[in-house]
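> coordinates for the following, if possible.
(one chain, ligands or ions: 2)
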Amino acid sequence: MTVIPRDTAKARLRSTLRSARAALDPGDRRTQSVHLARVVADHADQLLHGAGDRPGRRPVVTAYLAGDPEPDTAPLLAGLRALGIDVVLPVCEPGYRLSWVLWTPDIALERSVRAPVLEPVGPRSAFGELTGVGLILVPALGVDGSGHRVGQGGGYYDRFLADVPSAVPRWGVVYRSEVLADGVIPVEPHDQRLDGIFTADGPLRVRPAGTAV
Ligand SMILES: Nc1nc2c(c(=O)[nH]1)N(C=O)[C@@H](CNc1ccc(C(=O)N[C@@H](CCC(=O)O)C(=O)O)cc1)CN2
Ligand SMILES: Nc1ncnc2c1ncn2[C@@H]1O[C@H](COP(=O)(O)OP(=O)(O)OP(=O)(O)O)[C@@H](O)[C@H]1O
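Ligands and ions are numbered 1, 2, ... in the order given. Model prediction:
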């Protein structure tokens with residue numbers, strides 16, 4: 001099981017954000033999740049750049065299977081698939097690495113042995129084995145206006161994003177109250193910045209397109 005430090009400024013912020021998220025009204029969470037799915041579907045195309053320009057091949061988005069009280073990604077996954085976009089989902093591997101499984105609506109799910117999340121059961125690929133990935137959707141508890149992110153604390157996405165070409169856009173998915181003021185998130189050297197934030201209110205680009213990490 002993932003070991004997470006609890007006594008740092010970031011750990012305290014994580015804990016505050018977790019409590020605030022859990023305190024959101026469930027109806028509001030559902031409504032925001034549905035709006036979020038629409039926002040992502042409406043903007044995926046322009047973010048995907050040339051990822052779909054491969055004859056006969058579908059563009060690919062990396063997403064994730066949300067667990068309560070994260071914004072529900074079920075409508076989002078279905079919405080992307082309805083647009084002809086392949087969605088891949090993460091599996092937690094040893095060493096805080098992620099592998100990826102192609103999502104289908106009827107895919108079997110099982111609880112991860114490494115983190116309290118559900119994972120798809122199916123053939124796994126390393127990110128480098130995937131072709132056509134044009135957008136990375138990143139789970140977060142909060143993101144600030146410079147693209148700094150607080151996640152669940154495993155460091156899975158910081159490690160993953162460090163190895164992904166910066167040309168592939170990486171966008172956080174949060175409730176609108178989780179867009180934080182600059183300076184609130186303690187930044188560490190390993191932290192990977194995001195290019196933008198999806199909320200129910202729309203896309204918010206926080207770094208100019210093409211900026212190097
Ligand atoms: N839906 C979802 N899937 C994901 C992530 C995520 O943030 N959300 N991850 C993003 O990296 C990875 C899993 N990472 C995680 C790492 C630790 C915890 C975790 O331990 N959470 C506990 C807190 C334990 C504690 O308080 O110490 C919890 O939620 O109760 C959750 C996810 C990959 N899959
Ligand atoms: N590229 C990396 N190489 C080595 N260790 C890393 C790297 N990125 C993060 N870590 C370690 O992972 C741990 C968690 O990092 P952090 O608190 O930033 O997680 P997080 O971004 O909130 O989590 P997650 O990405 O799983 O949602 C820290 O102990 C950090 O040192």
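
> quick one: residues contacting residue 67.
By CB atoms under 8 Å, 6 or more residues apart in numbering, the residues touching residue 67 are 116-118. For the C-beta atoms, the positions are set from N, CA and C on the backbone; glycine is no exception.

> ok, residues contacting whatever helix or strand residue 39 lives in?
Assigned by DSSP states H and E, residue 39 belongs to helix 26-47. The contact list for helix 26-47 (CB under 8 Å, 6+ apart) reads 61, 66, 69, 71-76, 78-80, 82-83, 85, 134-135, 137, 169, 171, 173, 175-176, 198-203.

> just the buried ones from those residues?
With burial judged by 16 or more other CB atoms under 10 Å, the buried subset of the contacts of helix 26-47 is 61, 66, 71-73, 75-76, 79-80, 83, 85, 134-135, 137, 169, 171, 173, 175, 198-200, 203.

> in helices only, show me the contacts of helix 26-47.
74-76, 78-80, 82 (DSSP state H).

> please list which of the buried ones among the contacts of helix 26-47 are also close to ligand 1.
residue 66 (CB under 6 Å from any ligand atom).

> from the buried ones among the contacts of helix 26-47, which land in strands?
61, 134-135, 137, 171, 173, 198-199, 203 (DSSP state E).

> between these, which is closest to ligand 1?
The nearest member of those to ligand 1, counting by CB to the nearest ligand atom, is residue 173 at 9.6 Å.
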